[in-house]
Structures are given as structure tokens and as C-alpha cells.
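Enquirer: coords please:
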Amino acid sequence: MNRSSAPVPGSSPLDETWLQQECLERGLPWQIRVADEIPSTSDALRAYALDGGSHGQVLFAESQTAGRGRRENRWVAPRGLDLMFSLLLRPAEPMVLWPRLTTLAALAICRAVETELPLQPQIKWPNDVYLGGKKVSGLLAEAVNTPSGMAMVLGIGLNVNSRDFPGELATTATSLSQALPGTVLVRELDRQAIALSLLRELEAQFQRLAHGFTEVISDVRERSWLLQKQIRATVDGVEVYGRALDLSPEGHLILALADGTHRTLASADSVRQVVSA
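Expert: Numbers count the residues shown, from 1 in each chain. Just a heads-up that it's a prediction; the model follows:
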């Protein structure tokens, strides 16, 4: 089956059968399910993992009533316009390497978008993807201690066709269709094709987990939105100010502080650019 057999693009519902068939033909390990409406794809896969669910389960939702981002923020998206999904992963690699999966997933999102569209997404450490200085995608990774061993649920939200963002999001969020250059005339982007490209890139990037991370960090560095900016990071409730200097070989953020010293952050509750008046 080729891409021309896909359903009508845009707001047409995702076709579970088509996505599964395409994954099978490409040798991808994903087991696809599409829910019309669900509280949270990540919560559903967490429950599935606790019941012994296997690696490679992918749950998409046309609508989420309780989608979550980091720090319990809600992920709000209109029905049928964007991509909201979670993956159940049981990596064979040691858990100490698992935080790298979020980095690899962010890189996969960038590469999928670059493949499908004339856009240049950037990674905002630690787990957001930006277009034109606005958030287009977010990730949330959660470890799950199950009777059959540790697992990870990775939730991904990607704004595809949304255009009317409410309140503060109007100035901080964007979508793929909204970010397209004015010379590109398109009514609605094909969510189906983008979903397949994401699934393909996620598998390709996850295969790099067991190998050296140097090339991965180089790829991330090339797409970094944060580097060389003055930022304010909140770590365990404490604010840290500095210039985002570089990424360490492990993917941690290296800050240059005002006193001339460096500090390396393995994670942060929030990271914001500080703009001089």
C-alpha cells in the first residue's frame, strides 16, 4: 500500500488499519490503536503496562479530555486537528540511559517535520520542539514499575492544523500549518502522512540508544533553540540564571553563570529565555 491510498488529509479521522499496515510493510514494531475520545493516552498505556502490556503499543486519540504536559499542565488540542499519542516502551538498555529517549524523540519529531514540510524545527531543552520561537510539540516521559519489569510511557503532542490558540497560547504556541511560509498554499496538512513519518523516525532514532550518543548530541546541537541565549531555569523550586553554553555528551545543559563558573543541569522544571529590556 502506498501513501496515495491514505484517507483524505486534515481533519479526517486517523485510519488505524492504514497506519498499522504501513508499519508492518516498513518493518516497524508499532502496534497501532486509535481512540475517538479518551481522558489521556498516557494514562491508558500506563494501565496497560501494569497489566503486562508489551513494548511497541501506540495509542492515538482524536480527542483527549485530560491530556497532560509537564508539571501537570494540560495539553489542549481541538478534535481531529493535531496529533496526540503515547508509546509504551520496554527498552532493553539500562534505565540510566532511558532519559536519552526523550532527546531521541524530540530529534525524531524534528526529522519527521523536516522530511514532510519546508520547515526547520528546533529543540528547546529539555523536551519541547519549537518553530519560529513558538512551541509546536511537547513530550512527557514517565517510568512505570510493572510486575513484568520497568517500562516507559512516552506522550507526544504535535500541533498540526490548529490555528486559533486561546489566551496566552496565542503568543507562545504554533502549529505546522500556521508556521508554513506564506508561499506555501495549503488548506490542511495530512495528519496521516505526518503520523507515519513520526513513527518511522521514532523507531530510527530509538535504535541509536544503545550506541554512542556523540552523533545524537551533534544532531540536537544543530537544532537547538536554547544555546547562546540567556535563560532562567527552575530546578527543584530554585531559579538559576545563566547563558545556555552547550550540551554535555549526556545531553545535559551546560550554563555559563554570571560569576564565570559553569553549572550542568540534568533536568529542569521550567526553562525560559530572559530578554533584556
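
Enquirer: the least confident helix or strand in the chain by mean pLDDT: what's the following helix or strand?
Expert: Across the helices and strands of the chain, the lowest-confidence element by mean pLDDT, DSSP states H and E is helix 169-172, at a mean of 88. Elements were assigned by DSSP states H and E; along the chain past helix 169-172, the next helix or strand is helix 176-179.

Enquirer: which neighbouring elements make contact with that next one?
Expert: Where contact means 3 or more Cβ pairs under 8 Å, 6 or more residues apart in numbering; DSSP states H and E, helix 176-179 is packed against strand 134-146. C-beta coordinates here come from the backbone N, C-alpha and C atoms, glycine included.

Enquirer: wait, what's in contact with Q230?
Expert: If you count contacts by Cβ atoms under 8 Å, 6 or more residues apart in numbering, Q230 has them with Y241, G242, R243, A244, Q273, V274, V275, S276.

Enquirer: surely T174 touches V129?
Expert: No. Assessed by Cβ atoms under 8 Å, T174 is found out of contact with V129, at 10.5 Å.

Enquirer: low-scoring stretches of the stretch 151-277 of the chain, by residue?
Expert: Judged against pLDDT under 70, the low-scoring parts of the stretch 151-277 of the chain cover residues 183-186, 277.

Enquirer: try it again at 80.
Expert: The model of the stretch 151-277 of the chain has pLDDT under 80 over residues 182-187, 276-277.

Enquirer: for the least confident helix or strand of the chain, the distance to its chain's centre please.
Expert: The offset between the C-alpha centroid of helix 169-172 and the centroid of the whole chain comes to 18 Å, using Cα atoms, centre = their mean, to the nearest Å.

Enquirer: same check, this time on stretch 124-138
Expert: 9 Å.

Enquirer: hang on, the earlier thing: which of the contacts of Q230 has the most neighbours?
Expert: For these, the largest number of neighbours (other Cβ atoms under 10 Å) sits with A244, at 23 neighbours.

Enquirer: which neighbours does the host helix or strand of that residue have in its sheet, and in what orientation?
Expert: Under the criterion DSSP H and E, the helix or strand holding A244 is strand 238-247. With DSSP bridges as the test, strand 238-247 is paired with strand 230-235 (antiparallel), strand 253-256 (antiparallel).

Enquirer: which residues sit against it?
Expert: Looking at what lies outside strand 238-247 - Cβ under 8 Å, 6+ apart - the contacts are 125, 217, 220-221, 224, 226-234, 253-258, 262-263, 265, 274.
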